[in-house]
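[1] coords below, sequence missing:
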C-alpha cells in the first residue's frame, strides 16, 4: 500500500502517501475489487444487514450446490482465498507500521497441495514507473 484516503459523506477527510509516492504519481491498482468488496461487506455488517456468521446460502438459496459439490465433500480449498488475503493484509500492516520484514522485492508463493510456502526474489523493472525509482 502506497497511499491512503478517507472519504466521509463524499468529502476527503484525510489522505497521505508513503515515499517515494505522492499525489501526482500514478498508482497501479492490481486487485482493487477486493478492497471495494471488503469495504462493502464492512458497511453491510455495520448496518446490520448480515454478520460474518451468516451462511452465503441464506442470501442465495437458489444457487445451492448439489450435495456432492459442498465443502464437506470436496474439502476446504475455498478458504485459500482467505489465507492469501490475510497474508496480503499482514504485509500491508507491516509496511504501514514499519514493523517486521516486509516482502519488498520478493514474491511469496503457496503450494496449496503441500501447504508449503516459498519466497523468490524479483528484480526491479527499470521501465516500471513505480519500483524503478526506489
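    Cool, the structure landed. Values in this document were obtained by computation on a predicted structure and should not be read as measured data.

[2] Once you drop chain neighbours, what's closest to the residue most central in space within the chain?
    The centroid of the chain falls nearest to residue 85 when counting by CA atoms, centre = their mean (4.6 Å). Ranked by CB to CB, 6 or more residues apart in numbering and with sequence neighbours excluded, the top spatial neighbour of residue 85 is residue 34, at 6.7 Å. Where you see a C-beta, it was placed from the backbone N, CA and C, and this is true even at glycine.

[3] where does this structure dip in pLDDT?
    For the chain, the stretches with pLDDT under 70 are 1, 28-31, 66-78, 133-134.

[4] what are the ranges of the helices in it?
    32-46, 71-74, 80-97 (DSSP state H).

[5] okay, those helices, which one's buried deepest?
    helix 80-97 (a mean of 13; mean count of other CB atoms under 10 Å).

[6] How far does stretch 84-94 sit from its chain's centre?
    7 Å (CA atoms, centre = their mean, to the nearest Å).

[7] what do you get for stretch 37-44?
    Stretch 37-44 has its C-alpha centroid displaced from the chain centroid by 13 Å (CA atoms, centre = their mean).

[8] Same check on stretch 102-119?
    Here stretch 102-119 is found 15 Å from its chain centre; the criterion is CA atoms, centre = their mean.

[9] quick revisit: nearest to residue 17, out of the helices of the chain?
    Smallest distance to residue 17 across the helices of the chain (CB to CB): 12.0 Å, for helix 80-97.

[10] Run through the neighbouring helices and strands of that closest one.
    With contacts defined as 3 or more CB pairs under 8 Å, 6 or more residues apart in numbering; DSSP states H and E, helix 80-97 has these neighbours: strand 106-111.

[11] coming back round to it: the residue nearest to residue 85 contacts residue 82, correct?
    No - with contacts counted by CB atoms under 8 Å, residue 34 stays clear of residue 82, the gap being 11.2 Å.

[12] that older thread, would you list the helices of the chain in TSV and tack on distance to residue 22?
    TSV is the format used below for those (distance: least, CB to CB, whole Å):
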stretch	distance to residue 22
helix 32-46	20
helix 71-74	45
helix 80-97	17
